[in-house]
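A.B. asks: Task: produce atomic coordinates for the following.
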Amino acid sequence: MPTDREMNSFAADRGALIAFSTKEGPPPYSSKIQRAEAPNGPWKTVFETDASFTGGGQVVAGRVALIEYREPFQGGGAYSEDFTIIDLSTGATTAIDRFALSSATYHGGGGGPRRPVGSMVLGPDHVAWTRLIEGPGGSITGELRVASLGDPARAKIIGSPVEWISPLSVDAHRMLYVLGSKIEDQLRVLDLDTGADRAIARAAMPTDIQVTPFAGLDRALLSGDWAIWRDSPRAADGRLRAVNIASGVERTIDMGGSSCSEPSIGTRYVVWYCAVGVVGILDPNTLTPVATKPAGIGVAPEASDDALLWFDLSTNPRHVVLYRPK
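C.D. replies: Numbers count the residues shown, from 1 in each chain. A predicted model of the protein is given here:
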């Protein structure tokens, strides 16, 4: 499908293409979600808003979780975020939560200590998100919540550290999240049925975070019973680390190149790409290479739903390709 220059990310939804667009420029913003049915569309607008999309963008079972970011004009760094779930067939919305921060919380210039940020993940039955709470002197606390999609108002608070907490993946029975402190980051799994909560991986905090990157636990995702993440610096030879959250078995997977992307995970594929055209594709349950790679994979392949997406840059405008074998 052809794309326009304002489309900045894409997803698959049961054989259809989904495009997320945000116009560049100062607030007020303008963003929309468009849908194109196979094989040739056309693009049709599903949802429009005066916010900028930030975080979320995860498509699961015909729905997408999005964070709508808004700034007041000349607000001095004040902003608000609305956590919203949108039905990709009808455009109907479900409000999950909202917070607003004053200009006192704004710390410009970079280089400061790590602080929590608003984030959101979606599963087939649950949604999880980090809500920010403003404290004295512009301090910020992140509060991790999880709720059933059937009753999102009855959210359960999982934790609220000052340093860092963020949901990473959620399915019908488990939530994967990262809990950070000034000493170490912990990758944790919460059993949504029993409430059991345990750490499955730990990484010490670097002495100087401006020089040494974080270990990458905050990039982990669930793939079946595996938590998987890139466990190497971006410019180095790529290496994936995987921990089976049921058995505790750990694996290291060579990504086959350097300057590798983060792995993206769908229901059918785990995929990443590296420099010099290297592409890796695994089965999401066994983490073994797929028997057959699609021919002619284009630029920046990504797993989404039960499909692969990539760009074809041989045309102008660029095309996005959806690969979904029967």
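
A.B. asks: Other residues contacting the lowest-mean-pLDDT helix or strand in the chain?
C.D. replies: The helix or strand of the chain with the poorest confidence is strand 52-60; it has a mean of 84 (mean pLDDT, DSSP states H and E). Strand 52-60 is contacted by residues 9, 11-13, 18, 20, 22, 27, 29, 31, 64-70, 81, 83, 88, 117-124, 304-305 when judged by C-beta atoms under 8 Å, 6 or more residues apart in numbering. The way it works is simple: take the backbone N, C-alpha and C, and place the C-beta from them, glycine included.

A.B. asks: any idea what Ala104 is structurally, helix, strand or coil?
C.D. replies: helix (DSSP: H, G, I helix; E, B strand; the rest coil).

A.B. asks: Could you count how many residues lie near it?
C.D. replies: Residues within reach of Ala104, counting by other C-beta atoms under 10 Å, total 15.

A.B. asks: which ones are touching it?
C.D. replies: Here Ala104 is in contact with 134, 137-138 (C-beta under 8 Å, 6+ apart).

A.B. asks: Show me which of these is closest to Thr194.
C.D. replies: Glu134 (33.4 Å; C-beta to C-beta).

A.B. asks: Mind giving me the packing neighbours of the next helix or strand after the least confident helix or strand of the chain?
C.D. replies: Using DSSP states H and E, the helix or strand that follows strand 52-60 in sequence is strand 63-70. Judged by 3 or more C-beta pairs under 8 Å, 6 or more residues apart in numbering; DSSP states H and E, strand 63-70 is in contact with strand 31-36, strand 52-60, strand 79-87, strand 119-122.

A.B. asks: As a markdown table, those with mean neighbour count and distance to Ala104 would be great.
C.D. replies: Formatted as a markdown table, the helices and strands packed on strand 63-70 follow (neighbours: other C-beta atoms under 10 Å; distance: least, C-beta to C-beta, whole Å):
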| stretch | mean neighbour count | distance to Ala104 |
| --- | --- | --- |
| strand 31-36 | 21 | 27 |
| strand 52-60 | 21 | 21 |
| strand 79-87 | 21 | 12 |
| strand 119-122 | 26 | 22 |
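
A.B. asks: so what pLDDT did Gly77 get?
C.D. replies: For Gly77, the pLDDT comes out at 88.

A.B. asks: actually Gln210, sorry about that
C.D. replies: For Gln210, pLDDT reads 57.

A.B. asks: same check, this time on Ser31
C.D. replies: 94.

A.B. asks: Once you drop chain neighbours, what's closest to it?
C.D. replies: Once flanking residues are discounted, Ser31 sits nearest to Thr22: 4.3 Å by C-beta to C-beta, 6 or more residues apart in numbering.

A.B. asks: Keep only those of the contacts of Ala104 that are in strands.
C.D. replies: Glu134 (DSSP state E).

A.B. asks: Looking at the contacts of Ala104, spot the one nearest Lys44.
C.D. replies: Using C-beta to C-beta, those come closest to Lys44 at Glu134, 39.1 Å.

A.B. asks: what separates that closest one from Arg115, distance-wise?
C.D. replies: For Glu134, the distance to Arg115 (C-beta to C-beta, to the nearest Å) stands at 11 Å.

A.B. asks: any shared contact partners between those two?
C.D. replies: Shared contacts of Glu134 and Arg115, counting by C-beta under 8 Å, 6+ apart, come down to Ile140.

A.B. asks: Export stretch 239-256 to PDB, keeping only CA atoms.
C.D. replies: As requested, the backbone C-alpha atoms of stretch 239-256 are provided in PDB (Å, rounded to 0.1, in the frame of the first residue of the first chain):
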ATOM      1  CA  ARG A 239      22.700 -10.700  21.100                       C
ATOM      2  CA  LEU A 240      19.200 -11.600  22.300                       C
ATOM      3  CA  ARG A 241      18.600 -12.900  25.800                       C
ATOM      4  CA  ALA A 242      15.600 -15.000  26.600                       C
ATOM      5  CA  VAL A 243      14.200 -16.300  29.900                       C
ATOM      6  CA  ASN A 244      11.400 -18.900  30.100                       C
ATOM      7  CA  ILE A 245       9.100 -17.600  32.800                       C
ATOM      8  CA  ALA A 246       7.600 -21.000  33.400                       C
ATOM      9  CA  SER A 247      10.800 -23.200  33.600                       C
ATOM     10  CA  GLY A 248      13.500 -20.600  34.300                       C
ATOM     11  CA  VAL A 249      15.600 -21.800  31.400                       C
ATOM     12  CA  GLU A 250      17.700 -19.100  29.900                       C
ATOM     13  CA  ARG A 251      18.900 -18.800  26.300                       C
ATOM     14  CA  THR A 252      21.300 -16.500  24.300                       C
ATOM     15  CA  ILE A 253      20.600 -16.000  20.600                       C
ATOM     16  CA  ASP A 254      23.000 -14.600  18.100                       C
ATOM     17  CA  MET A 255      21.300 -11.900  16.000                       C
ATOM     18  CA  GLY A 256      23.700 -12.400  13.100                       C
END
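
A.B. asks: That'll do, ta.
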